[in-house]
Structure formats: structure tokens, C-alpha cells
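J.: build me a structure from this.
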Amino acid sequence: MDKNEPDWNLYRSFLQVMREGSLSGAARTLGATQPTVGRHIDALEAALAVKLFTRTLDGLTPTEAGHRLQESAEAMSLLSKSMMRTVSAEAAEEGGTVRITAGEVIGVEVLPPILVRLRDAHPAICIELALSNRNEDMLHGAADVAVRMIRPEQTALVAKRLGAVQLGLFAHRDYLKRYGTPRKLDDLVNHALIGFDRDPTFVRLAKSWGLDVAREDFAFRSDSEHAQLAALRTGIGIGVCQAGIARRHAELVPVLADSLKFSLDMWLAMHRDRRNERRVKIVFDHLAKELGTYARGPG
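T.: Below you'll find the model as predicted:
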């Protein structure tokens with residue numbers, strides 16, 4: 001908008017003066033003060049370089065220019081109300097597209113059955129799923145709802161903790177038959193470990209869990225969480241897996257379960273600006289309930 005273009009509030013005050021016939025009547029309708037409405041009229045006349053009212057002892061009398069402007073102002077008012085109805089309807093609309101972002105394992109292994117139930121309950125909502133752990137996706141508007149395994153710290157996001165997801169070391173039963181089962185932590189040096197390639201995030205997590213490992217300690221390396229899980233399920237070695245996922249695969253056996261117990265908090269986030277959009281809230285609430293149940297585990 002041109003910096004010299006009059007603000008809509010000036011037109012709004014003008015229109016109410018035309019309708020009510022006085023500054024005081026317009027002020028009551030607008031919930032403003034009479035001096036404020038008067039200043040709006042003065043500012044509008046100055047901006048348009050035209051007299052809209054003739055001041056008399058009896059009040060304000062519209063000029064010919066004032067009458068001509070009223071028609072345009074009425075059209076502007078109708079357009080403004082139409083725009084508000086459109087935006088309000090969109091915010092209240094249950095249908096439409098909601099974009100979810102989640103890490104690979106959550107997105108591929110956990111979310112699909114949850115999204116089936118969401119679609120059954122709300123078939124008018126179209127779901128887009130982006131596999132990413134970057135919070136920038138939310139900040140830049142590239143996603144509506146995010147599932148994260150670390151608390152989002154950005155103030156623009158609304159985050160809800162869903163629970164603590166239990167993790168552990170697991171191996172395929174065939175691997176353990178071939179190479180034996182570790183009985184203590186030191187035994188891991190004699191086994192093929194599954195871990196990261198270039199991303200140091202896992203090492204930081206491992207150290208917080210009491211595992212002193214480096215990139216060179218892994219026999220299978222990948223920065224793809226899903227590739228690591230696939231390697232674990234095919235028997236390449238011993239790796240970290242969410243307990244909820246391991247329970248679905250009878251061939252995965254816990255390793256050092258008594259001495260190694262760790263967890264990651266699961267968080268659900270959305271941008272503050274999307275809180276009042278009905279379809280986004282529906283998806284957020286559905287994921288919060290279902291992922292909360294997943295995080296808590298059986299029992």
C-alpha cells in the first residue's frame with residue numbers, strides 16, 4: 001500500500017458519519033471517541049485534498065464530494081466484510097490440506113496407521129507428509145504440524161510434550177545366533193554396531209545414555225534413521241530401536257536391556273499462527289492423542 005494512501009479506518013469513520021449524521025453518533029457506533037472520529041475526518045480530507053463535510057452550527061453537512069465518496073466507501077465496506085467471511089470460513093473449514101513433518105522412523109513406521117484412522121474420521125482432510133527433522137520447516141511455513149524427538153525452542157511455535165519414547169539396543173535373532181549375545185557393555189566391542197555416518201547427533205545422544213562410541217566403532221554407517229532400522233531388521237548388527245517399533249517385530253531381541261535404558265521425549269508442534277485453523281487443530285489433536293498413546297507404550 002502507498003504510504004500516502006489513507007488508512008481504511010479513516011474511510012470507516014467517514015462512512016459512519018455519513019450514516020449517523022454526526023460525529024457523536026458515529027463515535028458511539030464505532031466504540032470510539034468523538035475527537036478521534038473528528039481527527040479521522042480531518043485526516044481523510046487532507047489526504048484526498050477535498051472537503052467532505054461543511055461544518056455548521058447544526059453539525060456536519062456532506063458536500064457533493066462526500067456523497068460521491070460514500071458510494072465507494074460502501075463498496076469498500078462490503079468487500080472488507082466479504083474478505084472477513086472468507087478468512088473466517090477458511091479457518092473454520094474442516095476440509096483442506098495439512099502438511100505434517102516428522103523424522104524418517106516416525107513418518108514411515110509410526111504415523112501410517114495413525115493417519116489411516118485420521119482419514120477415516122475426517123475424509124475431507126488431505127495429508128502431506130514430509131520426512132525431515134528441521135524446525136525451519138515450521139518457521140518458514142513449509143509444514144503445519146511437526147513431530148519432533150527434541151523440544152522445539154522457537155518462540156513462534158506452540159509445542160506439546162507427548163511423553164517419553166523408550167529406546168534400547170536390539171539385534172535380529174539370527175545375528176545373535178551367529179555371533180552370540182553380549183552379556184555386558186564391554187562385549188559390544190566384539191560386535192557389529194549400527195550407527196551414524198556424518199551426523200554427530202547420535203554420538204551426543206549415545207554419550208548422554210552412557211555409551212562411549214565414535215563413528216569408527218560402527219560396522220554399518222548411515223545418517224538415515226530408516227536405513228539403520230532396515231539394517232537392524234535384516235541382521236547386519238546391533239543398533240538402537242524404539243521399543244514400540246521393536247515390539248512389532250518378533251525377530252528383534254533386546255540386548256543389554258537391564259543395563260541400558262534410555263528414552264527420548266516426543267513433542268508435537270505447530271506455528272502459533274495456525275492454532276485457529278480448524279483442519280490444523282483437528283490433525284494436531286488427533287496426533288497428540290495417538291502419539292501420546294504410542295509414547296506411553298503398553299499397559
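J.: please make it C-alpha for all contacts and neighbour counts, starting now.
T.: Noted.
J.: what's the following helix or strand after the top strand by length along the chain?
T.: Counting by DSSP state E, the longest strand found in the chain is strand 157-172. Per DSSP states H and E, the first helix or strand lying C-terminal to strand 157-172 is helix 173-179.
J.: which of the helices or strands spans the closest residue to Glu128 other than its chain neighbours?
T.: Leaving aside its sequence neighbours, Glu128 sits nearest to Arg99 (C-alpha to C-alpha, 6 or more residues apart in numbering; 4.5 Å). Applying DSSP H and E as the criterion places Arg99 in strand 96-102.
J.: can you list the helices and strands that that strand packs against?
T.: strand 125-131, strand 145-148, helix 278-296 (3 or more C-alpha pairs under 8 Å, 6 or more residues apart in numbering; DSSP states H and E).
J.: quick check: angle from the longest strand of the chain to helix 278-296?
T.: 40 degrees (axes from the mean of the first three to the mean of the last three C-alpha atoms, to 10 degrees).
J.: pull the helix or strand with minimum mean pLDDT from the chain.
T.: helix 136-139 (a mean of 54; mean pLDDT, DSSP states H and E).
J.: Gln154: what secondary structure?
T.: Recorded secondary structure, Gln154: coil (DSSP: H, G, I helix; E, B strand; the rest coil).
J.: can you give me the distance of it to Ala269?
T.: With the distance defined as C-alpha to C-alpha, to the nearest Å, Gln154 ends up 10 Å from Ala269.
J.: one more: Gly107?
T.: 15 Å.
J.: so Ile194 lies in a helix, does it not?
T.: No: applying three-state DSSP, one finds Ile194 to be strand, outside a helix.
J.: check what pLDDT it gets.
T.: Predicted confidence (pLDDT) at Ile194: the value is 92.
J.: kindly state the beta-bridge partners for it.
T.: Phe220 (DSSP bridges).
J.: show the contacting residues for it.
T.: Residues in contact with Ile194 (C-alpha atoms under 8 Å, 6 or more residues apart in numbering) are Phe218, Ala219, Phe220, Arg221, Gln228, Ala231, Leu232, Ile236, Gly237, Ile238, Gly239, Val240.
J.: the strand holding Arg99 pairs with which strands?
T.: Short version: by DSSP bridges, strand 96-102 pairs with strand 125-131 (parallel), strand 145-148 (parallel).
J.: which one is the residue most central in space within the chain nearest to, not counting chain neighbours?
T.: Centroid-nearest residue in the chain: Met270, 2.2 Å away (criterion: C-alpha atoms, centre = their mean). Distance criterion C-alpha to C-alpha, 6+ apart; nearest residue to Met270, sequence neighbours excluded, is Val145 at 4.7 Å.
J.: tell me if I'm right that the one you found and Leu268 touch.
T.: Yes: if you go by C-alpha atoms under 8 Å, Val145 and Leu268 touch, sitting 7.1 Å apart.
J.: centre of the chain to stretch 172-185, how far?
T.: Put simply, stretch 172-185 sits 41 Å off its chain's centre (C-alpha atoms, centre = their mean, to the nearest Å).
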